[in-house]
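Trainee: sequence? don't have it. structure:
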């Protein structure tokens with residue numbers, strides 16, 4: 001159950017009431033501002049917000065739409081309404097999505113620290129040939145955020161925000177690469193390092209890795225959109241991208257001739273994850289409310305998909321040549 005409170009000027013409340021015809025709501029007048037309160041089943045929230053927003057002139061500061069979730073509501077009327085509501089495809093409101101991803105386009109010390117620590121833990125797991133440690137390192141990494149943020153912003157046509165998310169992703173991965181290279185160099189001065197099986201498996205380019213990344217990106221974005229914890233949904237993405245990036249830093253010190261192979265593997269994983277994320281937001285029908293904004297978003301999405309498809313085809317071709 002959701003609670004919607006609409007604050008509207010006196011000259012606009014009649015249009016709101018027309019939209020709410022047939023629904024139960026209360027209305028009060030406070031200092032020339034009408035306050036309309038509606039309770040609605042969550043399945044109807046997005047459609048109702050869209051109808052209200054279509055007739056509410058948000059250019060006026062007094063006009064506000066406020067949505068909240070009450071702890072509980074006791075009402076026989078609302079109980080009957082919930083029973084009558086048609087089961088619809090679950091859909092997260094655009095405003096909530098924007099609020100969820102607003103921090104993913106900003107690089108801060110916390111993100112950088114967590115990703116760097118995850119990289120160092122993964123490095124220790126790779127050197128010890130311990131898969132459990134490698135997987136455990138993924139719980140620390142916030143890599144999921146920028147990829148999810150990019151896909152949502154791209155779907156909504158906010159290309160500047162989307163590019164900021166890609167910038168954050170690049171900075172985080174660069175930090176892991178540099179830190180793992182420095183750590184490998186320092187450790188190698190004291191204890192000669194050798195290539196373990198866990199490292200060796202990430203020195204082989206295989207087109208299947210890119211396909212796997214597409215599936216992981218799709219699954220993680222769908223899970224995250226449905227309210228799954230970022231830590232849980234992000235483990236799959238981090239597991240696909242952090243270890244290869246760490247290996248790239250390690251071979252930079254121990255085996256520079258393998259750097260091209262590891263770079264291709266990392267690139268394939270990144271592009272695959274982004275492709276899967278874009279497919280997910282398309283399937284989830286994430287788009288702006290305004291028709292004009294939808295046209296702009298469609299244009300940006302088409303451009304983004306075309307670029308990703310081109311990169312995937314190129315990487316798969318190169319991977320196939322090197323694999324075969």
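Mentor: Alright, I've got the coordinates. None of the values given here were measured: they were computed from a predicted structure.

Trainee: How is the protein divided into domains?
Mentor: 2-88, 95-323 (automatic domain parsing).

Trainee: hey, where'd the strands end up in the stretch 1-150 of the chain?
Mentor: For the stretch 1-150 of the chain, the strands defined by DSSP state E, counting those that start in this stretch occupy 2-9, 25-30, 33-40, 64-68.

Trainee: picking that back up, could you tell me the least trusted of the domains of the chain?
Mentor: Sorting these by mean pLDDT places domain 2-88 lowest, at a mean of 80.

Trainee: Mean neighbour count for the strands of the stretch 1-150 of the chain - can I get that in TSV?
Mentor: Bear in mind the C-beta positions are built from the backbone N, C-alpha and C, glycine included. Formatted as TSV, these follow (neighbours: other CB atoms under 10 Å):
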stretch	mean neighbour count
strand 2-9	19
strand 25-30	11
strand 33-40	19
strand 64-68	13
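
Trainee: Looking at those, which is nearest to residue 178?
Mentor: Nearest to residue 178 among those is strand 64-68; the distance by CB to CB comes to 43.1 Å.

Trainee: ok, how many other residues are close to residue 248?
Mentor: 25 (other CB atoms under 10 Å).

Trainee: before we move on, which element is it in?
Mentor: Remark: residue 248 resides in helix 230-254, with elements defined by DSSP states H and E.

Trainee: cool, residue 163 as well?
Mentor: helix 159-190.

Trainee: Buried residues in that helix, which are they?
Mentor: By 16 or more other CB atoms under 10 Å, the buried positions in helix 159-190 come out as 159, 161-162, 164-166, 168-169, 172-173, 175-177, 179-181, 183-184, 187.

Trainee: and what of stretch 107-117?
Mentor: 107, 111, 112, 114, 115, 116.

Trainee: Quick one: end-to-end length of stretch 51-70, please.
Mentor: 22 Å (CA to CA, to the nearest Å).

Trainee: Help me confirm that residue 13 comes into contact with residue 28.
Mentor: No. Judged on CB atoms under 8 Å, residue 13 makes no contact with residue 28 at a distance of 10.7 Å.

Trainee: so what's the residue lying closest to residue 202 once chain neighbours are set aside up against?
Mentor: Leaving aside its chain neighbours, residue 202 sits nearest to residue 247 (4.4 Å; criterion: CB to CB, 6 or more residues apart in numbering). Taking CB atoms under 8 Å, 6 or more residues apart in numbering as the contact definition, residue 247 lies against 126, 199, 202, 203, 262, 265.

Trainee: what's the distance between residue 247 and residue 50?
Mentor: Residue 247 is 47 Å from residue 50, where distance means CB to CB, to the nearest Å.

Trainee: same deal with residue 177?
Mentor: Per CB to CB, residue 177 is found 44 Å from residue 50.

Trainee: shared neighbours, residue 13 and residue 28?
Mentor: Residues touching both residue 13 and residue 28 (CB under 8 Å, 6+ apart) are residue 34.

Trainee: returning to what we had before: the helix holding residue 163: how far from the chain's middle?
Mentor: From the chain centre to the centre of helix 159-190 is a distance of 19 Å (CA atoms, centre = their mean, to the nearest Å).

Trainee: got a list of what residue 7 touches?
Mentor: With CB under 8 Å, 6+ apart, residue 7 has these contacts: 33, 34, 35, 62, 63, 64, 65, 66.

Trainee: Perfect, that will be all.
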